[in-house]
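# Need a 3D model of the following:
(chains A and B)
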Amino acid sequence: EVQLVESGGGVVRPGGSLRLSCAASGFTFDDYGMSWVRQAPGKGLEWVSSINWKGDITSYADSVKGPFTISRDNAKNSLYLQMNSLRAEDTALYYCAREDTMIRAYDYWGQGTLVTVSS
Amino acid sequence: DIQMTQSPSSLSASVRDRVTITCRASQSIGSYLNWYQQKAGKAPKLLIYAASSLQRGVPSRFSGSGSGTDFTLTISSLQPEDIATYYCQQSYSSPQTFGQGTKVEIK
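Coordinates of the predicted model:
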């Protein structure tokens, strides 16, 4: 059974940092690209960042380019999102999602980890 | 960036009604259009990929159609368990963008 379990969320002051993790199981992790998608409270879905299977190709939404860094450790079946210079607008539930590159869709999602940026 | 616009933003229908949600892209995206269902407090779930292909395990009352800029998600016979918000998403180009969502309720 495919499982994606996010962790690392919490409350942080503006300008602070957090590192999110996503532990994957139930599939061959390095066969898939992975992404982070966020959802602000009561709002819609927003793509944040993606990384290819090997970890050498990354992409970011303009809103997070620079402060956020996506990475992965295929030996640990884990995906990460380092978030620096956090702003109130980054407050959201952050989902880890597996991308099936054959169909170009997110076929599995974690349950999300909540990031709250507040003073 | 490609803008995705869904309509309506919300709808109320009776059980067994046929429900249609539309999604329009700001430029042609071929068939690179996916539909997701998100129930309250849950993660999104893939329903339809490549505009019209049903994801494994998704009930056949869900169907998708369209290409280019105009797409449709249809629920042929609305069931109580279909209460959710539905999102379209284009995977034609980066950044991948989502529609604003359509909330489906039971009348």
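
# my read: A:Ile57 touches A:Ile51, true?
Yes - A:Ile57 is within contact range of A:Ile51, at 7.1 Å (criterion: CB atoms under 8 Å). (C-beta placed from N, C-alpha, C; glycine too.)

# More neighbours: those two, which one.
Per other CB atoms under 10 Å in any protein chain shown, whichever of A:Ile57 and A:Ile51 has more neighbours is A:Ile51, with 22 against 10.

# Spit out the contact partners of that one.
A:33-35, A:57-58, A:70-72, A:79 (CB atoms under 8 Å, 6 or more residues apart in numbering or on different chains).

# which residues does it form a beta bridge with?
As for beta bridges, A:Ile51 partners with A:Met34, A:Thr58 under DSSP bridges.

# And it, how far from A:Thr58?
To A:Thr58, A:Ile51 is 5 Å away according to CB to CB, to the nearest Å.

# Can you pull the residues that touch both of the two?
A:Ile70.

# Up against chain B, what does chain A have?
Residues of chain A lying close to chain B (CB under 8 Å from any CB of the partner chain) are A:37, A:44-47, A:50, A:59, A:61-62, A:95, A:100, A:103-107, A:109-112.

# For PyMOL, write the selection for the buried entries among those residues.
Applied in PyMOL, the following selects the buried portion of these according to 16 or more other CB atoms under 10 Å in any protein chain shown:
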select buried, chain A and resi 37+45+46+47+50+59+61+95+100+103+104+105+106+107+109+110+112
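
# Which residue ranges of chain B form strands?
Along chain B, counting by DSSP state E, strands occupy B:4-7, B:10-13, B:19-25, B:33-38, B:45-49, B:53-54, B:62-67, B:70-75, B:84-90, B:97-98, B:102-106.

# strand partners of the fourth one, parallel vs antiparallel please.
Neighbouring strands of strand B:33-38 in its sheet, by DSSP bridges, are strand B:45-49 (antiparallel), strand B:84-90 (antiparallel).

# quick one on the thing from earlier: mind putting the contacts of A:Ile51 into a markdown table with pLDDT?
What follows is these, written out as a markdown table (pLDDT from 0 to 100):
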| residue | pLDDT |
| --- | --- |
| A:Gly33 | 97 |
| A:Met34 | 98 |
| A:Ser35 | 98 |
| A:Ile57 | 97 |
| A:Thr58 | 97 |
| A:Ile70 | 98 |
| A:Ser71 | 98 |
| A:Arg72 | 98 |
| A:Leu79 | 98 |
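
# What remains of those residues if I keep only buried residues?
Among those, those buried by neighbour count (16+ other CB under 10 Å) are A:33-35, A:70, A:72, A:79.
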